[in-house]
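Chemist: All I have is the shape, not the residue letters:
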């Protein structure tokens, strides 16, 4: 029996004019549901057709009033960059929770970038001092840019953006793209990670994720009161930065600990179960209070509830504007 | 960056005229690769938005010369039947193994049915006596029908089909549909499972899969030399039938044992690790010989390598005939 499916390409998604505020609201709701125990979020599985490559299945059901289910099937192929193809590719499939049938199939590139930025922004909303003026961005690629877009929503006093990247050309591209978005702030090019971190109220790291990281942000580079938000696993923040502060917060306890147990990441001094102050779900659900003094670290790997909530938003907007292509499955 | 994806609906798949022989050849190749250790087949994960419902992610990479990767995202919602919707729904996504990009998205209903029949047919190819004349089919729904279609390919001496279903209307529908396909055979309606099994050389069970099965085929109903092939987990065959015979063969050792450990299925006397003679991958790869005497049991849950191989076939045929819809993702 055939039924209707909305197919939403990357170009369609980009045409919808979804704002960062909307994505952040969605991600926040999903996280809250997770903190309230209303989501089903199994640890992702995947296949590895080539060395250093993965294709991951990330299913998630968000229950409660939201009641949305879906799955991201996303590939990460580092050698794509040499072929002028994106590192990440894939789709998100949204299902009807009453019948299980597929309602929409959409490109997942935009959502992955934007929900990652939104999550970092929510880290700043709950853990950065409201008067934070100096922000350091380590890694000036796509995630660095989107993170700053999210910070704009929650850090109204942001005045100086100290930037660092090991690749010289990244500075110009970053400033060109960000200047228009943040007309009132000053961009300060820094020649080292230490320079960038000095005096920063908020430090965010957005480097490529490496199996064997050369971590560079050590505790002695940081102010006493600082909020560190990382979107690059353990590639940038040194263990003493992450473990020795006032609070360590992850996306989701289960997924952080599962990843730590199974692998390569969060080894050599990163917090173990007892070192986790809370996960963001618990914070947003009000089970643990945010911390606003001392060194606070938010480490966000990205979880499937962000994707479901962003997909929900994309489908709603697409239906409203009749964007995408209606197909019979 | 946009790229081309072939979207193949259920109607498109059905229009391709793929034969059972072709599906069986594909499934056999995938199984052989599995037996040769050339596949990556993680245990499926899923979400459960309603009671008794699932949506499962089944990723698989088949390496070697085949080199195909993909994932089935398939929902099973029993209450759909009351809504006149199919129990199972979903899609299969096929990826390029060099770049990870999605090459095709196709409805998975047809492939799920046909590869399940094909697997049962391969069980008969390797474990049924070549002169098998009497076949019993317990459960006369979609899977019962497709299994018979596959048996036709491998059991040339099949002459009597003894059929049983607890629902009276199923007999007529089954015979109407099967008579044309199997003009030379005689269909014998049986009033009980025992009647159906008496004198059968091959017994296949295709009942709905239940969490709390009422198993009905006990060893004393069966001939000494019999091949039992089940596609309904442990819903029909009694433990003494499965455990007390000459050989017990499953799809894949790892998946059978993982399912047994985690759950509901294969409890109360079903074979444990040491009771498995071989898995079908090992048989087809020639690591263990087939068994042709005594009671042989093949229990097939369905594995993702079947889906990848069937998807490969569908995409090849669709490309050849330019079926489906080309979309920009």
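Modeler: Thanks, I have the structure now. It should be emphasised that the depicted structure is a prediction, and the values quoted were computed from it without experimental measurement.
Chemist: where in chain A is pLDDT low?
Modeler: Counting by pLDDT under 70, chain A contains no low-confidence range.
Chemist: Can you give me the domain boundaries for it?
Modeler: By the assignment in automatic domain parsing, chain A contains the domains A:4-111+A:305-328, A:123-302.
Chemist: closest to residue B:175 out of those domains?
Modeler: Comparing those against residue B:175 with Cβ to Cβ, the closest turns out to be domain A:4-111+A:305-328 (31.2 Å). Any C-beta I mention is one placed from the backbone N, CA and C, and that applies to glycine too.
Chemist: how about the residues of the stretch 201-329 of chain A that lie near chain B?
Modeler: With Cβ under 8 Å from any Cβ of the partner chain as the criterion, the stretch 201-329 of chain A meets chain B at residues A:325, A:327-329.
Chemist: Name the residues of stretch A:195-203 that come out as buried.
Modeler: Buried residues in stretch A:195-203, counted by 16 or more other Cβ atoms under 10 Å in any protein chain shown: A:196-197, A:200-203.
Chemist: Among those residues, give me the pair with the biggest separation.
Modeler: Once Cβ to Cβ is applied, the buried residues of stretch A:195-203 give A:196 and A:201 as the farthest pair, at 12.6 Å.
Chemist: if we can go back for a sec, redo the buried residues of stretch A:195-203 as JSON lines? Include secondary structure and distance to residue B:178.
Modeler: Shown next, in JSON lines, are the buried residues of stretch A:195-203 (DSSP: H, G, I helix; E, B strand; the rest coil; distance: Cβ to Cβ, whole Å):
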{"residue": "A:196", "secondary structure": "helix", "distance to residue B:178": "73"}
{"residue": "A:197", "secondary structure": "helix", "distance to residue B:178": "74"}
{"residue": "A:200", "secondary structure": "coil", "distance to residue B:178": "74"}
{"residue": "A:201", "secondary structure": "coil", "distance to residue B:178": "74"}
{"residue": "A:202", "secondary structure": "strand", "distance to residue B:178": "70"}
{"residue": "A:203", "secondary structure": "strand", "distance to residue B:178": "69"}
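Chemist: What ranges does the stretch 151-300 of chain A have for its strands?
Modeler: Ranges of strands within the stretch 151-300 of chain A are A:160-164, A:186-189, A:202-205, A:226-230, A:247-250, A:278-279, A:295-299, based on DSSP state E, counting those that start in this stretch.
Chemist: okay if I get the ones you listed as CSV plus distance to residue A:137?
Modeler: CSV is the format used below for the strands of the stretch 151-300 of chain A (distance: least, Cβ to Cβ, whole Å):
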stretch, distance to residue A:137
strand A:160-164, 5
strand A:186-189, 9
strand A:202-205, 6
strand A:226-230, 10
strand A:247-250, 20
strand A:278-279, 24
strand A:295-299, 15
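Chemist: Centroid-nearest residue for chain A?
Modeler: Closest to where the C-alpha atoms of chain A average out (Cα atoms, centre = their mean) is residue A:116, at 2.1 Å.
Chemist: in what helix or strand does it lie?
Modeler: Taking DSSP states H and E as the criterion, residue A:116 maps to helix A:109-127.
Chemist: What count of nearby residues applies to residue A:181?
Modeler: As a burial measure, residue A:181 scores 12 neighbours (other Cβ atoms under 10 Å in any protein chain shown).
Chemist: so where do the helices sit in the stretch 201-329 of chain A?
Modeler: A:239-243, A:253-262, A:280-284, A:304-321 (DSSP state H, counting those that start in this stretch).
Chemist: what's the neighbour count on residue A:177?
Modeler: Per other Cβ under 10 Å, the neighbour tally for residue A:177 reads 13.
Chemist: Name the nearest residue to it, sequence neighbours excluded.
Modeler: Spatial nearest neighbour of residue A:177, chain neighbours left out: residue A:145 (5.9 Å); criterion: Cβ to Cβ, 6 or more residues apart in numbering or on different chains.
Chemist: who touches the helix or strand where that neighbour lies?
Modeler: Per DSSP H and E, residue A:145 falls inside helix A:142-154. The contact list for helix A:142-154 (Cβ atoms under 8 Å, 6 or more residues apart in numbering or on different chains) reads A:20-21, A:24, A:113-114, A:116-118, A:120-122, A:124-125, A:128, A:135, A:137-138, A:158, A:161, A:163, A:165, A:174, A:177-178, A:181-182, A:202, A:204, A:206, A:229, A:231-232.
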